[in-house]
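Asker: Provided below are the primary sequence and the corresponding predicted coordinates.
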Amino acid sequence: ADVPALQARISVCRACPRLVTWREDVARTGRRAAFAEQPYWGRPGPSFGDPDAEVLLVGLAPAANGTNRTGRMFTGDASGDFLYAALHRTGFAALPTSVGAGDGQRLTGLRIVAAVRCAPPRNAPTPDERAACSPWLERDLVLAAPRLRAVLCLGSIGWNAAIDAARALGWEVPRPKPRFGHAAEVPLGLPDGRVVWLVGSYHVSPHNTYTKRLTPDMLDAVLRGLRTG
Ligand code: DU
Ligand code: SF4
């Protein structure tokens with residue numbers, strides 16, 4: 001199956017009862033006042049970006065009023081504003097902003113996925129929910145694998161999800177388990193002998209960006225490193 005077909009299957013997944021309830025409740029009755037007149041996506045977030053990407057970016061999970069509203073990864077909240085501006089500065093995104101379907105945004109060389117595809121309460125998926133969503137990440141990794149050079153993980157949950165998915169696929173992950181850190185780089189061995197780099201970055205959430213734990217320059221440096229290989 002190709003990338004759009006996989007995303008179509010993901011976007012109707014109902015494997016996690018708590019998250020199905022939450023994503024649909026927010027969409028029906030929990031809409032933020034500023035968006036009260038908008039239809040909400042209310043489903044798992046499909047990947048967004050270049051189907052032939054050499055870089056896969058792994059986020060944590062959709063935000064209740066962000067991706068769960070717009071249906072596009074990192075779109076409609078402060079995290080996404082910070083990320084797409086950086087993707088545009090570093091040549092991965094056609095536009096510095098991402099609004100939603102029809103805005104003309106386009107990524108080249110990079111595709112965005114998530115460790116968990118449904119918005120979780122308090123942005124905190126349970127271990128069971130992370131495990132339930134891992135097979136979708138594994139399939140996205142398999143589809144990307146022929147051209148893949150790097151997997152950029154935003155935050156430790158994305159980092160751990162990528163390691164778990166890689167191990168489940170039989171990709172070689174160094175032992176002991178590599179620790180997440182900003183600009184951490186770890187080689188993953190694919191069954192065909194190629195190396196794919198696992199790269200870490202602090203997450204683009206306001207918690208990190210407002211406090212300047214993650215600055216635009218820090219994220220740009222990681223993204224530029226991916227462009228040049
Ligand atoms: O219709 P389409 O050109 O396949 O694009 C669908 C969707 O995916 C659109 O919102 C742009 C995005 N996309 C992208 O970001 N980068 C690509 O290389 C191809 C599609
Ligand atoms: Fe399915 Fe993942 Fe959503 Fe759970 S979080 S319902 S596995 S798409």
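Answerer: Arrived safely. Ligands and ions are numbered 1, 2, ... in the order given.
Asker: do stretch 50-67 and ligand 1 meet at all?
Answerer: Yes: judged by CB under 6 Å from any ligand atom, stretch 50-67 comes into contact with ligand 1 through D50. C-beta here means a position set from N, CA and C on the backbone, and glycine is covered the same way.
Asker: For that stretch, list every residue counted as buried.
Answerer: Within stretch 50-67, the residues that count as buried by 16 or more other CB atoms under 10 Å are 50, 53-67.
Asker: which residues touch the nearest residue to R32 once chain neighbours are set aside?
Answerer: Spatial nearest neighbour of R32, excluding adjacent residues (CB to CB, 6 or more residues apart in numbering): N65 at 4.6 Å. Counting by CB atoms under 8 Å, 6 or more residues apart in numbering, N65 touches 26, 31-32, 35, 76-77.
Asker: next one: A15
Answerer: Applying CB under 8 Å, 6+ apart, the residues contacting A15 are 132-133.
Asker: if I look at it, how far off is P44?
Answerer: Here A15 is placed at a distance of 9 Å from P44 (CB to CB, to the nearest Å).
Asker: Could you tell me whether E24 really is in a strand?
Answerer: No: secondary structure assignment places E24 outside any strand; it is helix (DSSP: H, G, I helix; E, B strand; the rest coil).
Asker: Could you count how many residues lie near it?
Answerer: Residues lying near E24 (other CB atoms under 10 Å) number 18.
Asker: Kindly report the same for R9.
Answerer: By other CB under 10 Å, 14 other residues sit near R9.
Asker: Can you check the pLDDT for it?
Answerer: Here, the pLDDT recorded for R9 equals 98.
Asker: and it, what element?
Answerer: helix 3-10 (DSSP states H and E).
Asker: and what of R224?
Answerer: When elements are assigned from DSSP H and E, R224 belongs to helix 216-228.
Asker: So which bits of that helix are buried?
Answerer: 218-219, 222-223, 225-226.
Asker: okay if I get those as a markdown table plus pLDDT and distance to A94?
Answerer: Shown next, in a markdown table, are the buried residues of helix 216-228 (pLDDT from 0 to 100; distance: CB to CB, whole Å):
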| residue | pLDDT | distance to A94 |
| --- | --- | --- |
| M218 | 98 | 23 |
| L219 | 98 | 18 |
| V222 | 98 | 20 |
| L223 | 98 | 15 |
| G225 | 97 | 21 |
| L226 | 96 | 17 |
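Asker: And the furthest pair within those residues?
Answerer: M218 and L226 (13.7 Å; CB to CB).
Asker: tell me the SS of V199?
Answerer: Applying three-state DSSP: V199 is strand.
Asker: Tell me how far the residue nearest to A61 when sequence neighbours are not counted lies from A33.
Answerer: Nearest residue to A61, sequence neighbours excluded (CB to CB, 6+ apart): V116, at 3.9 Å. For V116, the distance to A33 equals 26 Å [CB to CB].
Asker: All the strands of the protein, in order from the start?
Answerer: For the chain, the strands defined by DSSP state E occupy 48-49, 55-59, 110-114, 150-154, 185-189, 195-201.
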